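[1] predicted model and sequence follow; I will ask about them next.
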Amino acid sequence: MLTHTIGDTTIRYPQDAKTGRIGLELIPTALLGKTVARRTTLRGLPFIDAMPGSDPWPAAVVQPLVQFKLAGDPYPGAFAQGRTMRGSPGMDAFKFSGQRVEKNPARKISAIVTTLARADGCRVEHRMEAATAKGIFTSTSTFTNASPAPVTLEMLSSFSLGGITPFAPDDATGRLRAHRFRSCWSAEGRLETRTLEELHLERSWSGAGAFSERFGQVGTMPVRGWFPFVALEDTEAGVVWGAQLAWAGSWQMEIFRQHDDACISGGLVDREFGHWTKTLAPGESLTTPPATLACVQGGLDELCDRLTAAQVAAVETQPAVEQDLPIVFNDWCTFWGDPRHDDVVDIARRLAGTPVRYQVIDAGWYKRDDSDWGSGHGDWEPSARLFPGGLAATAAAIREHGLIPGLWYEMETVGSGSRAFRLAEHLLKLDGRPIDVRERRMWDLNDPFAIDYLAKRVIGLLRDCGFGYLKVDYNETLGIGCDCTDNDSHGEGLRRQVEGTYRFFEKIRRELPELVIENCSSGGHRLEPSMLGRTAMSSFSDAHELVEIPIIAANLHRLMLPRQSQIWAVLHRADSERRLIYSLAATFLGRMCLSGEIAALTDAQWQTVLRAMALYRAAAPVIKHGVSRRFGDMAAGASWRHPRGWQAVTRVADDGNNALVVAHTFADAPAVIDVPLPLPQPRGRGRGKTKTKWNIAGTLASTAVSSASHPRIREGVLRLAPRGDFDGQVVLLYRGSRQSSNT
């Protein structure tokens, strides 16, 4: 068995001497001594011994570290076809041909590359790359056709992790459970946790049946149905294995079970699940989207801490203006697709001198008199009626008030009311016909005409008019895929379209390096690492002013960095102070984004907003770098539309000396909420150590709260006294010097 230790994780590559298969396992190095010898056979069980013949009845087999299937190879048996394409017998023709270790200048392992090869020259290369952060790995697979004839892939995984769990000698009855996150429009990130028995993934009694829970999504809204995430937990050993895929197209994950151990794998959709095949000509290669892997001693929160930490490197490359987490104003819930120059400037006057830095003009700025915002986009010609002086004049007026102007685009699609809608030769087709969905068609982003068109009308307009912020929306999905110019599969057409999307985002960054880009897809349909890494922040949801906003916002702490999660606070003149604070408090769970009737708020209401913004600025370093934990009494299956109980999120800064607590009550709120605080850390060395207690640096709560109801800290607990149902409170904490921060 090949073994490598990187950071606090041991990577094992078990090999099967009989078949030549090589697998992949991850184990916390500190727990290597607690791994146990696995049973090798089912012999000794009465129902096995009763069977005739000399079959060894293996208890476990090595699962290949790359799962793939070639057209023409046999399909997997064990009653699996239609449920999974894992386990194709054709993989056994690919033998282990070597493993190389790459090292960085410090002589530490940076990557492990394992190669499998077939006699005709076809080969598969699995790359396990260590991230700069501890205990995080990136897994990709590359298939190269070095044979003299074309080959067609029907499946190719980004990762396949087996051997779960090495802490049990058998099938670990009752101790394995799976974690996934469901998602749908305006209801992103519901955690689903189920035992493998509940998923009907107990091993088959003899190993003759192979079972798979294959899930994912088909189309170009990658967070539609599920997040591209899977985790398995050994509850007895206290270890969790997990993966998160970075891909903005069709994807799949699988939890697989045939023998004692369980496996997780994922990557591009296969032929069965997502209509994908890819023909490789001689000399051609295909590399899968990257998957981030981790294995931790702890629970789901500790796993998610690691997976989201992998997203830090990309976000650190964003423009310098982003580094202190500026506040955003977006006019969607103010003008609802009907922005006008005078109204936009009125908003700029209201925001002048406040901590708001970005003022974004949302949809509708381009619409003609005979179209609306949702069908009129695509030509990208500013409306002379709405902006009689041109967009450049409006952007300049915004800048005169000390703000950075932003503009909304849905650049990858064209509306039925635009002239571009009829440029069919440059739009995606299915079976030779343009793809129509909800009054939209989609540019072929591998067509030079489309790229040139968008470069002029998106990049050129932003540059010429002086905008510093771009909101990219994407309001429909491509579906199963589109026609390919070389008659490859519809799923392959979709894969190439996603790659074209990436290239255009990268083109924007190259040509406008200081532009701040927001990622939106009807809210949160693109909240996955590849799009997060190409943008500064993302719209967390379309739940613009709903009571479930804090629930959704808290969910996303396990899936993305809060510093990138833009959360709406839609404010109205009719709002009570409690309602204003409920909305504003939720934005402390990510990036504050204001909208609504800002210009119409009373002086008293505006003072509440200013108080919230001032506290947000103080809390920004904790939001930027920290670790979150969630508390509350909401049941796992509780309604979000009609929530009951309470929720609190505690986020502790990386320096350990600052923390933020964001609490919300729902219907049937308790009179008192107790939120556990992290234990104080020792200060000093040797005998006589002292511990620094938590202190309150600032709060956001109703001014009607009596002094007896103010937040109090006692014995490691923050006690809050809500005003009642649907209340919000924010408490900023410090210990040691109040100047301590990780800005």
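    Noted; the coordinates are in hand. Bear in mind that the values here come from a model prediction, so they are computed numbers and not experimental data. Numbers count the residues shown, from 1 in each chain.
[2] any regions of the stretch 501-650 of the chain where pLDDT drops low?
    Counting by pLDDT under 70, the stretch 501-650 of the chain shows low-confidence ranges at 635-636.
[3] show me where it has strands.
    Counting by DSSP state E, counting those that start in this stretch, the segments of the stretch 501-650 of the chain that form strands are 516-519, 537-539, 565-571, 591-596, 626-632, 646-653.
[4] quickly run through the sheet partners of the longest one, with directions.
    Here strand 646-653 has these sheet partners by DSSP bridges: strand 626-632 (antiparallel), strand 658-665 (antiparallel).
[5] buried stuff in stretch 599-619?
    Neighbour counts using 16 or more other C-beta atoms under 10 Å place L601, Q605, W606, T608, V609, R611, A612, M613, L615, Y616, A619 of stretch 599-619 among the buried residues. (C-beta placed from N, C-alpha, C; glycine too.)
[6] check stretch 484-499 too.
    For stretch 484-499, a neighbour-count test (16+ other C-beta under 10 Å) marks C484, D488, S489, H490, G491, E492, G493, L494, R495, R496, Q497, V498 as buried.
[7] looking at those residues, which is nearest I112?
    The shortest distance between I112 and any of those, using C-beta to C-beta, involves R495 and amounts to 26.2 Å.
[8] can I get the buried residues of stretch 599-619 in a markdown table with distance to A721?
    Supplementary listing: the buried residues of stretch 599-619 in a markdown table, determined by distance: C-beta to C-beta, whole Å:
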| residue | distance to A721 |
| --- | --- |
| L601 | 27 |
| Q605 | 23 |
| W606 | 26 |
| T608 | 19 |
| V609 | 23 |
| R611 | 19 |
| A612 | 20 |
| M613 | 24 |
| L615 | 19 |
| Y616 | 23 |
| A619 | 21 |
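[9] and which of those residues is nearest to V652?
    If you rank these by distance to V652 using C-beta to C-beta, A619 comes first, at 12.2 Å.
[10] so G417 makes contact with W373?
    No. Under the criterion of C-beta atoms under 8 Å, G417 makes no contact with W373, lying 9.9 Å away.
[11] so for the two, which residues contact both of them?
    Contact with both G417 and W373 is made by residues K367, according to C-beta atoms under 8 Å, 6 or more residues apart in numbering.
[12] can you give me the helices in the chain?
    Using DSSP state H, the helices of the chain run over 46-49, 271-274, 300-309, 312-315, 332-335, 341-351, 391-400, 448-454, 461-465, 490-511, 529-532, 549-555, 577-586, 603-624.
[13] and of the ones you listed, who's closest to T195?
    If we rank the helices of the chain by C-beta to C-beta, the stretch that ends up nearest is helix 300-309, at 14.1 Å.
[14] residue nearest the centroid of the protein?
    Residue closest to the average C-alpha location in the chain (C-alpha atoms, centre = their mean): E528, at 3.2 Å.
[15] sorry, back to before: got CSV for the strands of the stretch 501-650 of the chain, with distance to I6 and mean neighbour count too?
    Conversion of the strands of the stretch 501-650 of the chain to CSV gives the following (distance: least, C-beta to C-beta, whole Å; neighbours: other C-beta atoms under 10 Å):
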stretch, distance to I6, mean neighbour count
strand 516-519, 31, 24
strand 537-539, 30, 28
strand 565-571, 30, 25
strand 591-596, 33, 25
strand 626-632, 22, 19
strand 646-653, 26, 22
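[16] below-threshold pLDDT in the stretch 201-350 of the chain: ranges please.
    Applying pLDDT under 70 to the stretch 201-350 of the chain flags no residue at all.
[17] how close does the spatially closest residue to E548 that is not a sequence neighbour sit to Q359?
    What sits nearest to E548 in space, not counting adjacent residues and going by C-beta to C-beta, 6 or more residues apart in numbering, is W640, at 4.1 Å. Per C-beta to C-beta, to the nearest Å, W640 is found 30 Å from Q359.
[18] more neighbours, these two?
    The neighbour count for W640 versus Q359, taken as other C-beta atoms under 10 Å, is higher for Q359 (29 against 18).
[19] tell me the confidence at that one?
    Model confidence at Q359, given as pLDDT, is 98.
[20] equivalent analysis for T132, please.
    Looking at T132, its pLDDT stands at 73.
[21] so how many other residues sit close to V101?
    For V101, using other C-beta under 10 Å, the count is 11.
[22] quick check, nearest of the buried residues of stretch 484-499 to H401?
    For these, the residue nearest H401 by C-beta to C-beta is V498; the value is 38.6 Å.
[23] picking that back up, figure out which of the helices of the chain is closest to P64.
    Smallest distance to P64 across the helices of the chain (C-beta to C-beta): 18.2 Å, for helix 271-274.
[24] next one: the longest strand belonging to the chain to chain centre, how far?
    Secondary structure of the chain per DSSP state E: the longest strand is strand 151-164. Distance, stretch centre to chain centre, for strand 151-164: 21 Å (C-alpha atoms, centre = their mean, to the nearest Å).
[25] next one: stretch 493-504
    Between the centre of stretch 493-504 and the centre of its chain there are 19 Å (C-alpha atoms, centre = their mean).
[26] dump the C-alpha coordinates for it into CSV.
    As requested, the backbone C-alpha atoms of stretch 493-504 are provided in CSV (Å, rounded to 0.1, in the frame of the first residue of the first chain):
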residue,chain,number,x,y,z
GLY,A,493,-22.3,20.6,-25.7
LEU,A,494,-23.3,21.9,-22.2
ARG,A,495,-19.8,21.2,-20.9
ARG,A,496,-18.3,23.3,-23.6
GLN,A,497,-20.8,26.1,-23.0
VAL,A,498,-19.7,26.2,-19.3
GLU,A,499,-16.1,26.4,-20.3
GLY,A,500,-17.1,29.3,-22.6
THR,A,501,-18.8,31.0,-19.7
TYR,A,502,-15.6,30.7,-17.6
ARG,A,503,-13.5,32.2,-20.5
PHE,A,504,-15.8,35.2,-20.8
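[27] mind listing residues that contact it?
    219-220, 247-250, 268, 276, 278, 411-412, 428, 442, 444-446, 451, 454, 478, 480-484, 530, 534.
[28] if we use 6 Å, what do you get?
    A248, G249, S250, L445, N446, L478, G481, C482, D483, C484 (C-beta atoms under 6 Å, 6 or more residues apart in numbering).
[29] which of these scores worst on pLDDT?
    The model is least sure about C484 among the contacts of stretch 493-504, giving it 93.
[30] show me what contacts that residue?
    With contact taken as C-beta under 6 Å, 6+ apart, C484 is in contact with E492, G493.
[31] and the gap between it and E272?
    Where E272 is concerned, C484 sits at a distance of 19 Å (C-beta to C-beta).
[32] what do you get for G632?
    From G632 across to E272, the span is 40 Å (C-beta to C-beta).
[33] also I361?
    With distances defined as C-beta to C-beta, the gap from I361 to E272 amounts to 45 Å.
[34] give me the more crowded residue out of these two.
    I361 (29 against 18).
[35] thought P339 was touching that one, still the case?
    Yes. In this structure, I361 is within contact of P339 by C-beta atoms under 6 Å, at 5.2 Å.
[36] number of nearby residues for the residue nearest to A130 when sequence neighbours are not counted?
    Using C-beta to C-beta, 6+ apart and skipping the chain neighbours, the partner closest in space to A130 is I6 (4.9 Å). Other residues within reach of I6 by the criterion other C-beta under 10 Å amount to 22.
[37] just the one 5 residues further on next, same as before
    When counting by other C-beta under 10 Å, one arrives at 21 neighbours for I11.
[38] what do you get for R510?
    9.
[39] relative to F449, how far out is it?
    Per C-beta to C-beta, R510 is found 20 Å from F449.
[40] ok, now L391?
    Distance, L391 to F449, by C-beta to C-beta: 24 Å.
[41] give me the more crowded residue out of those two.
    Neighbours per residue (other C-beta under 10 Å) separate L391 from F449, with L391 holding more: 24 against 12.
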